[in-house]
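Participant: Sequence and predicted structure are below.
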Amino acid sequence: MDIERLLTTSDPEVVEGLYAEARRLRDEVYGRRVFMRGLIEVSNHCKNDCLYCGIRRSAQVRRYRLDEGQVLDCCDEGYRLGFRSFVLQGGEDGWFTDEVVCRMVAAIKGRYPDCSVTLSLGERGRESFRRLREAGADRYLLRHETANREHYARLHPQEMSFDHRMQCLHELRELGYQVGCGFMVGSPYQTLDTIRQDLSFIEAFRPEMVGIGPFIPAAGTPFENERAGSVELTVRLLAVIRCLHPHVLLPATSALGTMHPRGRERAIEAGANVVMPNLSPRDTRALYAIYNNKLSTGSEAAESAADIRARLKALGYEVPLDRGDYSV
Ligand code: SAH
């Protein structure tokens with residue numbers, strides 16, 4: 001596969017061929033099915049200062065966190081709406097100790113044993129990952145952000161370590177999680193070369209999930225005046241990733257939906273097979289502002305799960321009431 005050509009060509013026949021092949025591979029493994037996960041943004045407190053992120057430590061934003069009762073309320077609503085998979089995502093917030101997270105996970109699994117729980121709480125120690133797994137967490141999302149060490153160093157403050165991030169991904173894998181990595185498309189200093197390294201990493205690591213979405217500048221960050229990533233390149237990369245790793249669970253991310261009204265649909269037509277509508281409480285959604293103009297109402301709101309289902313159905317996809325596990 002000539003990846004560079006697939007990512008840069010303007011020949012519509014080549015592009016359509018790529019999307020057709022990605023759809024074929026996805027349909028072969030998963031059928032024409034798109035899985036839904038309910039995204040619960042548990043905290044926008046963060047001890048890290050990632051240069052791209054709107055909720056970085058030094059950003060001047062109102063901070064919030066959800067307690068166990070609020071998280072369970074979100075799950076109750078989600079379950080009623082047909083979600084069988086919940087994702088707890090947040091900044092690296094010291095309040096979310098192992099004890100607190102284990103209690104949350106156990107409470108969700110106790111009430112909804114037929115649901116999967118995914119955590120996306122940033123880097124933690126091996127022992128912490130082990131305890132969370134033991135409490136019932138099924139999956140963990142930790143984007144590697146870039147597989148190029150120098151690029152990583154330009155996106156993160158000095159105290160953050162590329163090696164530790166990679167180490168976390170390997171530990172999660174060893175502990176039996178379904179693991180998700182991923183990166184932003186069009187982040188500052190990204191090149192075709194760093195993208196090639198991201199793809200090689202994905203091919204070698206074979207994660208169960210890959211999350212990619214366009215970089216979108218966030219107000220109040222060092223990158224606030226940088227250019228946003230391209231929707232077109234993101235969609236092509238989704239298709240390339242599906243071709244390299246046909247079994248992967250591949251979300252059509254909110255960042256894509258934010259940048260293009262049909263972003264999500266375009267992703268699905270290019271081989272994606274997961275959507276993650278927002279299930280966070282209405283009054284905190286706007287506060288989890290990792291980038292500008294993040295979608296949190298309309299088709300992003302979980303209340304419109306029915307609408308998303310209808311839109312996907314119109315494209316010929318079924319959205320099953322299902323945990324949506326990785327298919328081996
Ligand atoms: N603290 C958790 C969750 C981070 S938010 C963690 O470290 O994994 C989830 C993802 O949003 C990040 O991994 C990053 O890739 C993405 N993100 C952050 N800021 C962004 C921005 N400005 N534009 C697009 N995506 C962004």
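Facilitator: Okay, I see it. Residues are numbered from 1 along each chain as shown.
Participant: Can you read off the pLDDT for the residue nearest to residue 91 when sequence neighbours are not counted?
Facilitator: In space, and not counting its chain neighbours, residue 91 is closest to residue 46: 2.8 Å by CB to CB, 6 or more residues apart in numbering. Every C-beta, even on glycine, is put in place using the N, C-alpha and C of the backbone. With respect to pLDDT, residue 46 scores 98.
Participant: Give the full set of residues in contact with residue 46.
Facilitator: With contact set as CB atoms under 8 Å, 6 or more residues apart in numbering, residue 46 has these partners: 53, 55, 56, 57, 90, 91, 92, 93, 122.
Participant: Same question for whichever helix or strand residue 75 is part of: list its buried residues.
Facilitator: Residue 75 belongs to helix 68-81 when elements are defined using DSSP states H and E. For helix 68-81, burial by neighbour count (16 or more other CB atoms under 10 Å) applies to 68, 70, 71, 72, 74, 75, 78, 79, 81.
Participant: What's the separation between the first one and residue 44?
Facilitator: Read that as residue 68. Residue 68 sits 17 Å away from residue 44, going by CB to CB, to the nearest Å.
Participant: just to revisit the earlier point, show me what the helix holding residue 75 is in contact with.
Facilitator: With CB under 8 Å, 6+ apart as the test, helix 68-81 has contacts from 38, 40, 42, 66, 86, 88, 100, 103-104, 107-108, 111-112, 115, 279-281, 302-303, 305-306.
Participant: Relative to residue 136, how far out is residue 52?
Facilitator: From residue 52 to residue 136 the distance is 32 Å (CB to CB).
Participant: sorry, that was for residue 190
Facilitator: Taken as CB to CB, the span from residue 190 to residue 136 is 36 Å.
Participant: Mind checking which of these two has more residues around it?
Facilitator: residue 190 (21 against 17; other CB atoms under 10 Å).
Participant: For that one, grab phi and psi.
Facilitator: Note on residue 190: backbone dihedrals following degrees, to the nearest 10 are phi -70, psi 140.
Participant: Brilliant, that's me finished.
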